[in-house]
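Asks: With the sequence up front, the predicted model follows.
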Amino acid sequence: MSERLWNILTEGFTRMLVPGLTVTIPLTVLGFSLAFVIAVAVALVQFAKVPVLKQVSRLYIWIFRGTPLLVQLYVIYYGLGQVGLRLSPFVAGVLTLGINEGAYCAESVRSALESIPVGQLEAGECVGMTWWQTIRRIILPQAMRTAFPPLGNSLIAMLKDTSLVSSITLAEMFMASKRLVGRYYEPMALYLEVAVFYLFFSTILTLLERWGEKKLNTYEYK
Amino acid sequence: MLEVRELKKSFRDQEILKGIDLTVEKGDVVAVIGPSGAGKTTLLRCINFLEKADSGAMTFDGADYDLGNMKKKDILSLRQKTGFVFQSYNLFRNKTALQNITEGLIVARKMVKEPAVAIAEEMLEKVGLLDKRDSYPSQLSGGQQQRVAIARAMAADPEIIYFDEPTSALDPELTGEVLTVMRRLAEEGMTMLVVTHELGFARSVADKVVFMEDGQVVESAPAGEFFAAPKTGRAKEFLRILDRA
Ligand SMILES: Nc1ncnc2c1ncn2[C@@H]1O[C@H](COP(=O)(O)OP(=O)(O)OP(=O)(O)O)[C@@H](O)[C@H]1O
Ligand SMILES: [Mg+2]
């Protein structure tokens, strides 16, 4: 490898790692937290068959699963900006990623809720617990265990999707690699380098997910 | 202590319960028997509000209720005075045997942890499963799970316990251990309404037998009388077929 290329890659290392740690990871963590909260709420509304809210939930899922994330980013950042709601690129990114992935996660949580035998809820009610107490203490913990692997996939998908937020001017990790390519014209080496960073972060998330799954399995039940 | 009058329930346009009358005296064991599809499960589910009755009245502990129009608050308070044992046990799968019992005490009855645990241990002792206190349902046999379920129903010190075919999902060997627990419970004076196919149990433990068929109570009599000489032809036929099997 030429010394020039080596120097470019070393420079790239810090120039990508820093936005990776300070932008890409926070974007993923905050976006996913939002997605998770939305998912549980939307799934419960459907599970409990709350009138009106249930239809609203279906509409939300239909729209956000049926349109591209990139288009959603543009609508929320540029579109809302035009009508007077100016969000910072970071906030727009967190919101869009959260709302978008929330639609997918809601389906994971809903199908997990529906996989819990109805007798679990009835047993809770028969010992005098309210519907909500039973949901919180008996049904959700079981459903979370079922939903954990698909939610883990969503988390990793979100990490990769953060690269799209570069298109609304957010200086995250992929943006850093594009800037370096612009300066040095080494697309192959630099894009491969940023790919390695994504791979590194997603591997860590995968390991975390496995560890979490094991932890959940300490409940010795099937 | 429990009286049900004119209980009616339809699923879609099919009438499943066609006006059930039922009385359970305090301390009595009442066995409900009858062919499959008679509506026995639906009856129990309606009087514990797992299913909403279309109409009917209930007197529980001296208080009157309109079964077709129950208030949430009344349902909650009645459920705290009753226990329910399911055919399929329905132990909380994410809780240990002990937690299955303490859960209702702590969450529904707002009991503090220590006395709840003490009660749960006493109940597990009664059903002979204290050594399984920290096992999850998946680590227990069907018979053990059902005994924990009975312990859970007893823990709240209910006025009455409803049983829906508590042994019909069990092998014959495991059936015995559950029936033994129920027999002991009856001897202690617990009021029990038991849907069962175990005629032997009904014969030896029940004070009263209610024979149901096709959504109706066909015959209701003291157990001794019923088994010695059922009055209706349908009940005779039912006993004859079961005895032969
Ligand atoms: N949720 C439901 N929706 C529609 N029909 C139902 C429902 N639950 C029960 N039924 C019908 O009601 C009738 C009575 O059912 P039920 O389970 O009460 O009978 P059972 O006497 O308990 O029978 P078994 O001895 O087989 O348990 C059956 O014909 C059944 O198909
Ligand atoms: Mg039944």
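Replies: Now that the structure is in, tell me what you want to look at. Ligands and ions are numbered 1, 2, ... in the order given.
Asks: quick one, what contacts the residue lying closest to residue B:96 once chain neighbours are set aside?
Replies: Nearest residue to residue B:96, sequence neighbours excluded (C-beta to C-beta, 6 or more residues apart in numbering or on different chains): residue B:134, at 5.0 Å. Bear in mind the C-beta positions are built from the backbone N, C-alpha and C, glycine included. Listed by C-beta atoms under 8 Å, 6 or more residues apart in numbering or on different chains, the contact set of residue B:134 reads B:96-98.
Asks: for residue A:190, same thing?
Replies: Taking C-beta under 8 Å, 6+ apart, one finds A:8-9, A:12, A:177, A:180-181, A:184 in contact with residue A:190.
Asks: Which one of those is nearest to chain B?
Replies: residue A:177 (44.6 Å; C-beta to the nearest C-beta).
Asks: Which strands or helices does the helix or strand containing the closest one pack on?
Replies: Per DSSP states H and E, residue A:177 falls inside helix A:173-184. Helix A:173-184 is packed against helix A:3-19, helix A:187-216, with contacts defined by 3 or more C-beta pairs under 8 Å, 6 or more residues apart in numbering or on different chains; DSSP states H and E.
Asks: could you dump those to CSV with distance to residue A:132 and mean pLDDT?
Replies: As requested, those are arranged in CSV below (distance: least, C-beta to C-beta, whole Å; pLDDT from 0 to 100):
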stretch, distance to residue A:132, mean pLDDT
helix A:3-19, 42, 95
helix A:187-216, 23, 94
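Asks: Could you check how far whatever residue of chain A ends up closest to ligand 1 is from residue B:13?
Replies: Nearest residue of chain A to ligand 1, counting by C-beta to the nearest ligand atom: residue A:118, 10.3 Å away. Using C-beta to C-beta, to the nearest Å, residue A:118 is found at 23 Å from residue B:13.
Asks: neighbour count winner among the two?
Replies: Ranked by neighbour count (other C-beta atoms under 10 Å in any protein chain shown), residue A:118 and residue B:13 place residue A:118 first, with 11 against 5.
Asks: just to revisit the earlier point, which of the contacts of residue B:134 has the most neighbours?
Replies: Among the contacts of residue B:134, the one with the most neighbours (other C-beta under 10 Å) is residue B:97, at 29 neighbours.
Asks: moving C-terminal of the helix or strand containing residue B:182, what's the next helix or strand?
Replies: Taking DSSP H and E as the criterion, residue B:182 maps to helix B:172-187. Counting by DSSP H and E, the element after helix B:172-187 in chain order, helix or strand, is strand B:192-195.
Asks: Tell me the confidence at the residue nearest to residue B:96?
Replies: At residue B:134, the model reports a pLDDT of 95.
Asks: sorry, back to before: run through who's touching the helix holding residue A:177.
Replies: Applying C-beta under 8 Å, 6+ apart, the external contacts of helix A:173-184 come out as A:8, A:11-12, A:15-16, A:18-20, A:23-24, A:162-163, A:166, A:186-187, A:190-191, A:193-194, A:197-198.
Asks: So for it, mean pLDDT?
Replies: 96.
Asks: next one: stretch A:159-168
Replies: 96.
Asks: buried set for that stretch?
Replies: Residues of stretch A:159-168 classed as buried: A:159, A:161-166, A:168 (neighbour count, 16 or more other C-beta atoms under 10 Å in any protein chain shown).
Asks: Residue numbers of chain A in contact with chain B?
Replies: Neighbours of chain B within chain A, by C-beta under 8 Å from any C-beta of the partner chain: A:117, A:119-120, A:122-130, A:133, A:137-138, A:141-142, A:145, A:219-222.
Asks: can you tell me how far the closest residue to chain A within chain B sits from residue B:204?
Replies: Residue of chain B nearest chain A, by C-beta to the nearest C-beta: residue B:104 (3.0 Å). Between residue B:104 and residue B:204 the computed distance is 30 Å (C-beta to C-beta).
Asks: Those two - which one has more neighbours?
Replies: Between residue B:104 and residue B:204, counting by other C-beta under 10 Å, residue B:104 is the more crowded of the two (28 against 13).
Asks: Pretty sure the more buried one sits against residue A:129.
Replies: Yes - counting by C-beta atoms under 8 Å, residue B:104 touches residue A:129, with 6.3 Å between them.
Asks: The helix holding residue A:177 versus helix A:3-19: what angle between them?
Replies: Counting by axes from the mean of the first three to the mean of the last three C-alpha atoms, to 10 degrees, helix A:173-184 lies at 150 degrees to helix A:3-19.
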